[in-house]
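Asks: dropping a prediction and its sequence here:
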Amino acid sequence: MMKIEVSAVEKTGNESKMCCLNIQLLDVNDNNPVFERPGYLLFAKDLTNGSYIGSVIATDADEGENAELRYGLTDLVEWGDKPSPIYIEETSGRIYANTFLRPATTYKFFLQACDQFGDPSFHRCTKVPVMIVAKNASKSDNTRIVHHIYVDENTPLKTRLIDLKTLFDDERWGMTFIKLRTKFPVPIKIMRMGEVFVDGPLDYESVSGYELKILAFTDTVSNNHHRQ
Ligand SMILES: [Ca+2]
Ligand SMILES: [Ca+2]
């Protein structure tokens, strides 16, 4: 604290009295919470309900209640009436799965830190984008769903067989892309958008069927914006 000595001086110029005036400043809530990063990219390895995913930390340059932070999700339009797939602990900033997370899926949302927990009308909040990438499905998950399609042998090249997108698409998660996982060349071509075409000779007497593994994944192009 700065000390200022105040003197009262008579007209004649003789000092008559002297005292000290202590001026104590009070903290005003003039600082927003600041997250340690401009955005977070977290990877969920355990997709089970309740599993720990990661945590976020924010600080606040004020004091006391003005710096006491609570974390929460914000801008939840994406999930509508459904419960959000993740949960953030209010005081610790630790993030958990709030449901069984979908493999190979990216969850995007905003979370915020707010100060002045005691008086909401004076809240100062800061929000950051968070992206959680759920790990790829394990082998057993990959083969769990089996779709059969039946195609005549000798079907001409470039014939469109099926659109896989409709099997995987879920408007909640935005664009879904399809990828064929095979080590060997097959006479079937699967476009990124999910359309399946004949891409080679189909001869029943040579090969009577193909078992293909396909992977559906959501658009993760925007990952780069938040990668640290
Ligand atoms: Ca503050
Ligand atoms: Ca302050």
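Replies: Done, it's in. Numbers count the residues shown, from 1 in each chain. Ligands and ions are numbered 1, 2, ... in the order given.
Asks: which residues pair with Y52 across the strands?
Replies: Note on Y52: beta-bridge partners Y96, judged by DSSP bridges.
Asks: relative to ligand 1, how far out is it?
Replies: 28 Å (CB to the ion, to the nearest Å). (Each C-beta comes from the backbone N, C-alpha and C, glycine too.)
Asks: what residues does that residue make contact with?
Replies: By CB atoms under 8 Å, 6 or more residues apart in numbering, the residues touching Y52 are 46, 94-96.
Asks: so what's the closest residue in space to I95 that isn't next to it in sequence up against?
Replies: Once flanking residues are discounted, I95 sits nearest to I53: 4.6 Å by CB to CB, 6 or more residues apart in numbering. Under the criterion of CB under 8 Å, 6+ apart, the contact list for I53 reads 42, 44, 86, 95-97, 132.
Asks: tell me the domain ranges of the chain?
Replies: The chain resolves into domains spanning 34-135, 139-218 when parsed by automatic domain parsing.
Asks: which one of the contacts of Y52 has the most neighbours?
Replies: I95 (23 neighbours; other CB atoms under 10 Å).
Asks: circling back: farthest-separated two in the contacts of Y52?
Replies: D46 and R94 (14.0 Å; CB to CB).
Asks: get me the contact residues on the chain for ligand 1.
Replies: Counting by CB under 5 Å from the ion, the positions of the chain adjacent to ligand 1 are 29, 31, 60, 62, 66, 115.
Asks: got these as CSV, with pLDDT columns?
Replies: Formatted as CSV, the residues of the chain next to ligand 1 follow (pLDDT from 0 to 100):
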residue, pLDDT
N29, 91
N31, 94
D60, 96
D62, 94
N66, 92
D115, 94
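Asks: quick revisit: which of the contacts of I53 sits closest to ligand 2?
Replies: Distance to ligand 2 across the contacts of I53 (CB to the ion) is lowest for I95, with 28.4 Å.
Asks: and for the closest residue to A97 other than its chain neighbours, the neighbour number?
Replies: Leaving aside its chain neighbours, A97 sits nearest to S51 (4.9 Å; criterion: CB to CB, 6+ apart). S51 sits with 13 neighbouring residues when counted by other CB under 10 Å.
Asks: ok, now which ones touch S51?
Replies: Here S51 is in contact with 44, 96-97 (CB under 8 Å, 6+ apart).
Asks: what's the answer for E89, then?
Replies: Counted by CB under 8 Å, 6+ apart, E89 has contacts 71, 95-96.
Asks: would you reformat these as CSV and include pLDDT?
Replies: Output for the contacts of E89, formatted as CSV (pLDDT from 0 to 100):
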residue, pLDDT
Y71, 96
I95, 96
Y96, 95
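Asks: which of the residues of the chain next to ligand 1 fall within strands?
Replies: Of the residues of the chain next to ligand 1, none are assigned to strands by DSSP state E.
Asks: ok, and the most crowded of those?
Replies: Neighbour-wise, the residues of the chain next to ligand 1 (other CB under 10 Å) top out at D115, 25 neighbours.
Asks: do stretch 98-116 and ligand 2 meet?
Replies: No: Stretch 98-116 does not reach ligand 2 (CB under 5 Å from the ion); its nearest approach is 9.9 Å.
Asks: what about that stretch, how long is it end to end?
Replies: Stretch 98-116 has an end-to-end distance of 27 Å (CA to CA, to the nearest Å).
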